[in-house]
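Trainee: dropping a prediction and its sequence here:
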Amino acid sequence: MTVPVLSVRNLEVEFLTRRSTLRAINGVSFDIAKGEVLGVVGESGAGKSVTGLAVIGLIDPPGRIAGGEIYLSGTRIDHLPPEEIRRIRGKRIGMIFQDPLTSLNPLYRIGDQIVETIRTHLNLSETAARKRAIDLLAEVGIPAPEKRIDAYPHEFSGGMRQRVVIALAICAEPELIIADEPTTALDVSVQAQIISLIKRLGRDYGTAVMLVTHDMGVIAETSDRVAVMYSGRIAEIGPVQDVVQNPLHPYAKGLMGAIPTLAGEDKRLVQIPGSMPRLSAIPPGCSFNPRCAFAFDRCRVDRPEPLKHGSHAVACHLFDTAPGEAAKETAA
Amino acid sequence: MLAFTLRRAIQAIGVMIAVGVIAFSMFRFAGDPVNQIVSLDTPAAEREAVRKSLGLDDPVPVQFARYFGNAVQFKFGVSYQFRQPVSNLLMERMPATLELAACATVLAMVFGILMGVYSALRRDTILTKFFQAVSLIGISLPTFLIGILLIYLFSVTLGWLPSFGRGDVVRIGWWTTGLLTLSGLKALIMPSITLGLFQMTLIMRLVRAEMLEVLRTDYIRFARARGLTTRAIHFGHALKNTLVPVITVAGLQFGSVIAFAIITETVFQWPGMGLLFVQAVQNVDIPIMAAYLLMVSLIFVTINLVVDILYTIVDPRLRSTISRPA
C-alpha cells in the first residue's frame, strides 16, 4: 500500500483558558491519498477548521496540539520547529481560506503577492517567477492574466479573488491543499466554478485535497470520501456516495436528512433537536447522546471509537459488533 | 487624481480666506493700533496723519482687501515693537523653528515606529514594559517640565549640553542652520527631545495598536499559510498596512509641533517663531500675531493636503475611488 499524502493519528488540540483547558479536537484520525478529495463536514464549532489549521501548523497560542501525530507523505510534521514547518507551508501544503475578500493584502498588487510566494519557496528569478505567476493565473481561469497580474485585490470580484487565492495556494505545486470553506462567501453560481476548479487541479496535479465545509451539496459534488465531525471527533467517515445515501451514525443521518432535494416530494426537512454542546460542557460518553433518539445506557458512560463497518467507519455503539470492549482512551 | 488634488487645493484656499478674516479682525478688536505706534503726548493732528499713512481711515472692507492682498505676497505690515517688516522677522526666525520641528519629528517617527513595532511583536518582554513606561511618562508629563528636568540634568548637573540658545549657526543664503556646527547640534538635542517626546509616545502607541490589529487580519493569516518568512510578514505586509493611519497622525502632529514649539522655545530661549510670538503677545504686537496665525494655518492646510495625497500613494483602494467618484 502506498503512503498516504496526509495521515493524521489521534490528533488532540487544546485551548488553554484562564479557567480550564478546552479540548477542541479529541482523537481525530484520518488519511488522504494522492489525488483524493476528503470532505470534512460538521456544524460550526465541530472542529473542522481547527483540524485544518493543526495540519498546517497554524494553531496559535493559547491553542496547542496536545497529542497525536501528523504525517505528510510519511514524514512526521506536527513537532517540527517553526522555521521548518514554515518551509512546508505554501510549498508542500497549500491553504485556501473562507473569505477571498480579506485573504489578500489590499496594498499589494496580486502579481507581487504571487511572485513573493513563489520566490519564497522556489529558486526562481524575478522574471521567471513573474512568468510562472501569469501561467498560474491563466491556469485558475483569470482572463487576460498578463494584464491582470498588475491589478490590486480590490479590482477583482469575489469569485476572481478566490481564484487568485487558489493560484497562491498552488504556486509551489503542493502535495496537499487544505481548503477551509472555500465557497461559503461566494455566490452559488460562482461556487460551482470554484468547486470544479479545485476538483480539476486535484485531478491534474494529483494533489490531495482536504475540503472543509458545512455545505453537504459541495461535499457530494467534489469529494471522494467524507468525514462527518461532531464536537471535536469524527462521527463517521467513508466513501461519499455511501455516507450520503446510507449514513449510519444518527448524527450523520440527521445531517443528510436536513439536505433539501429538488426531486423529492414536499415533506418537512428533518431537524436535529438541540445544539452541539459547548467545549466546556461536553457530556460523558458519546458527546451526541443528549440529542440522539437512539441513545441507550452505554452511550451515557462509554465514549465510542470509530469502528469499521462495511466501507464506513462509524463511532457509534449501535454498530459496535463486539460489545464489552470499553473505550480505553485516556489523555495522551 | 488631478481633479481630486485641485478640489482639495480649492478647499484649502477657502480655509485660508477664513483664517485671514480672523487674523484681520484682531487688528480691529485689540484696541487702536495708532496708540501702539505713537507716544502718549503725540498731538491729535499727528495721530491723524499716522492713521492716514497706514490707511486706517479707509472703510473696513477696503482695509481687509488690502491686508489680504499684501498677505498673499507675504507682506504682513510693520511690527509695532521692532519697527521692522513682520515678514523679515518671520523669515529670520523661521529656520530655527523649522529645524527644531523637523528634528523633533524625525526623532519621534523613527523611535516611535521602532518602539511601536517592537512592543507589538514582543508583547511580554522587559524592554516592551520599559517602552510602555516611557510612553506613559511622555504622554502625561507637560512639555515645560520635561524641558526643565533635562536642563537640570544635562546642563546644570552634568554640564554636557547648553541650556539655552541655538549655538553657532552657519548662513546659507537667507537660511541659517545650526546643523553644521558642533555647538549648534549640541544645542539642538534637548529641545528636540522635549518637543518630540510627546509625538514619539503618541506614534509608538498608535503603531503598536495598529500593528496588533493588522496581525489579526485574514491576509496576515493567509500570508503565514503561504509560508512567507516572519520577517516578510511583519515588515512587508503588516507594517505597510499599519502606516496608513500613522501618516495622518504624524502629518498633523508635524503641524502642531511647529505651532506649539512656543513652549519649548520659551524654555530653551530658542530664537524661533514661537519665541517671537510670545514676545509679540506680551507687547500686543498685532501684526506679528496675525502673521503667525496665518503662517501656522498655512502650514496646517499644506500638511493636510500632502497627507491626503500621500494616502492615495500608500493605499491603492483610495486611488480608484478617487478616480471614479461615487
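Mentor: Right, received. Where do you want to start?

Trainee: which helix or strand contains the nearest residue to residue B:68 once chain neighbours are set aside?
Mentor: Among residues not flanking residue B:68 along the chain, residue B:20 sits closest, at 5.1 Å (Cβ to Cβ, 6 or more residues apart in numbering or on different chains). The C-beta positions use only the backbone N, C-alpha and C, and glycine is treated the same way. Here residue B:20, judged by DSSP states H and E, is contained in helix B:2-29.

Trainee: ok so, going back, pull the number of nearby residues for the residue nearest to residue B:68.
Mentor: Neighbourhood size, residue B:20 [other Cβ atoms under 10 Å in any protein chain shown]: 19.

Trainee: over to the one 3 residues further on?
Mentor: Each residue near residue B:23 was counted by other Cβ under 10 Å, and the total is 24.

Trainee: quick check, pLDDT for the closest residue to it other than its chain neighbours.
Mentor: Nearest residue to residue B:23, sequence neighbours excluded (Cβ to Cβ, 6+ apart): residue B:290, at 4.0 Å. According to the prediction, residue B:290 has pLDDT 86.

Trainee: could I get the full set of strands for chain B?
Mentor: B:170-172, B:175-177 (DSSP state E).

Trainee: where does the stretch 151-300 of chain A dip in pLDDT?
Mentor: A:260-267 (pLDDT under 70).

Trainee: equivalent analysis for chain B, please.
Mentor: If you take pLDDT under 70 as the line, chain B has these spans: B:1, B:30-31, B:33, B:36-37, B:320-326.

Trainee: what's the distance between the residue of it found nearest chain A and residue A:83?
Mentor: Proximity of chain B to chain A (Cβ to the nearest Cβ) peaks at residue B:227, 2.9 Å away. Computed as Cβ to Cβ, to the nearest Å, the residue B:227 to residue A:83 distance reads 11 Å.

Trainee: and these two? Which one has more around it.
Mentor: residue B:227 (24 against 9).

Trainee: just give the nearest non-adjacent residue to the more buried one, would you?
Mentor: Residue B:227 sits nearest to residue A:90 (Cβ to Cβ, 6+ apart), 2.9 Å away.

Trainee: need the contact list for the one you found.
Mentor: Residue A:90 makes contact with A:117, A:120-121, A:169, A:171-172, A:174, B:225-228, according to Cβ atoms under 8 Å, 6 or more residues apart in numbering or on different chains.

Trainee: how about stretch B:187-198 as PDB, C-alpha atoms only?
Mentor: Taking Å, rounded to 0.1, in the frame of the first residue of the first chain, the C-alpha atoms of stretch B:187-198 are listed here in PDB:
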ATOM      1  CA  ALA B 187      22.100  72.900  21.300                       C
ATOM      2  CA  LEU B 188      19.500  71.100  19.200                       C
ATOM      3  CA  ILE B 189      19.500  67.800  21.300                       C
ATOM      4  CA  MET B 190      17.500  68.800  24.300                       C
ATOM      5  CA  PRO B 191      14.900  71.000  22.600                       C
ATOM      6  CA  SER B 192      14.200  68.300  20.000                       C
ATOM      7  CA  ILE B 193      13.800  65.600  22.700                       C
ATOM      8  CA  THR B 194      11.500  67.900  24.700                       C
ATOM      9  CA  LEU B 195       9.400  68.800  21.600                       C
ATOM     10  CA  GLY B 196       9.400  65.300  20.100                       C
ATOM     11  CA  LEU B 197       8.800  63.100  23.200                       C
ATOM     12  CA  PHE B 198       5.000  63.600  23.200                       C
END
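
Trainee: where's that stretch relative to the chain centroid, distance-wise?
Mentor: 13 Å (Cα atoms, centre = their mean, to the nearest Å).

Trainee: now do stretch A:197-207
Mentor: 16 Å.

Trainee: please save the CA atoms from it in CSV.
Mentor: Provided in CSV are the C-alpha atoms of stretch A:197-207 (Å, rounded to 0.1, in the frame of the first residue of the first chain):
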residue,chain,number,x,y,z
LEU,A,197,-11.6,24.3,-10.4
ILE,A,198,-10.4,22.7,-7.2
LYS,A,199,-11.5,19.3,-8.5
ARG,A,200,-9.7,19.8,-11.8
LEU,A,201,-6.5,20.9,-10.1
GLY,A,202,-6.6,17.9,-7.8
ARG,A,203,-7.0,15.6,-10.7
ASP,A,204,-4.4,17.3,-13.0
TYR,A,205,-1.7,17.5,-10.4
GLY,A,206,-2.6,14.5,-8.2
THR,A,207,-2.9,16.9,-5.3
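
Trainee: show residues contacting that stretch.
Mentor: Here stretch A:197-207 has contacts from A:34-37, A:94, A:96, A:139-141, A:163, A:166, A:170, A:173-177, A:179, A:182, A:208-209, A:211, A:222, using Cβ under 8 Å, 6+ apart.

Trainee: in helices only, show me the residues you listed.
Mentor: Among these, the members falling in helices (DSSP state H) are A:139, A:163, A:166, A:222.

Trainee: could you check how far the residue nearest to residue B:227 is from residue A:114?
Mentor: Relative to residue A:114, and taking Cβ to Cβ, residue A:90 is found at 11 Å.

Trainee: ok, now residue A:174?
Mentor: Residue A:174 is 14 Å from residue A:114, by Cβ to Cβ.

Trainee: then residue B:113?
Mentor: 28 Å.

Trainee: give the buried residues for stretch B:87-96.
Mentor: B:87, B:89-90, B:92-96 (16 or more other Cβ atoms under 10 Å in any protein chain shown).

Trainee: got the contact list for the closest residue to residue B:253 other than its chain neighbours?
Mentor: Leaving aside its chain neighbours, residue B:253 sits nearest to residue B:199 (4.8 Å; criterion: Cβ to Cβ, 6+ apart). If a contact means Cβ under 8 Å, 6+ apart, then residue B:199 has B:104-105, B:108, B:112, B:250, B:253, B:257 as its contacts.

Trainee: returning to that earlier point: near chain B, which of the contacts of stretch A:197-207 show up?
Mentor: residue A:94 (Cβ under 8 Å from any Cβ of the partner chain).

Trainee: of the contacts of stretch A:197-207, buried ones?
Mentor: So, by 16+ other Cβ under 10 Å, the buried ones in those are A:34, A:36-37, A:94, A:96, A:139-141, A:163, A:166, A:170, A:174-177, A:179, A:182, A:208-209, A:211, A:222.

Trainee: in chain A, where's the longest helix?
Mentor: Assigned via DSSP H, chain A shows its longest helix as helix A:188-205.

Trainee: which residue does the stretch 101-250 of chain A bring closest to chain B?
Mentor: Counting by Cβ to the nearest Cβ, the stretch 101-250 of chain A gets nearest to chain B through residue A:102 (3.9 Å).

Trainee: ok, that residue touching residue B:217?
Mentor: Yes: Residue A:102 is within contact range of residue B:217, at 6.6 Å (criterion: Cβ atoms under 8 Å).

Trainee: quick one: which of the ones in helices among the contacts of stretch A:197-207 is nearest residue A:307?
Mentor: Using Cβ to Cβ, residue A:222 comes nearest to residue A:307 of those, at 26.7 Å.

Trainee: tell me the centre residue of the chain?
Mentor: All of this is about chain A. By Cα atoms, centre = their mean, chain A has its centre lying nearest to residue A:212, at 3.1 Å.

Trainee: switch to chain B, that's the one I care about
Mentor: Closest-to-mean residue, chain B, Cα atoms, centre = their mean: residue B:258 / 2.4 Å.

Trainee: and residue A:313, what are its phi and psi?
Mentor: phi -120, psi 130 (degrees, to the nearest 10).

Trainee: contacting residues around it?
Mentor: Contacts of residue A:313 (Cβ under 8 Å, 6+ apart): A:234, A:236-238, A:306-307.

Trainee: same check on residue A:276?
Mentor: Contact analysis of residue A:276 by Cβ under 8 Å, 6+ apart lists A:43, A:45-46, A:230-231.
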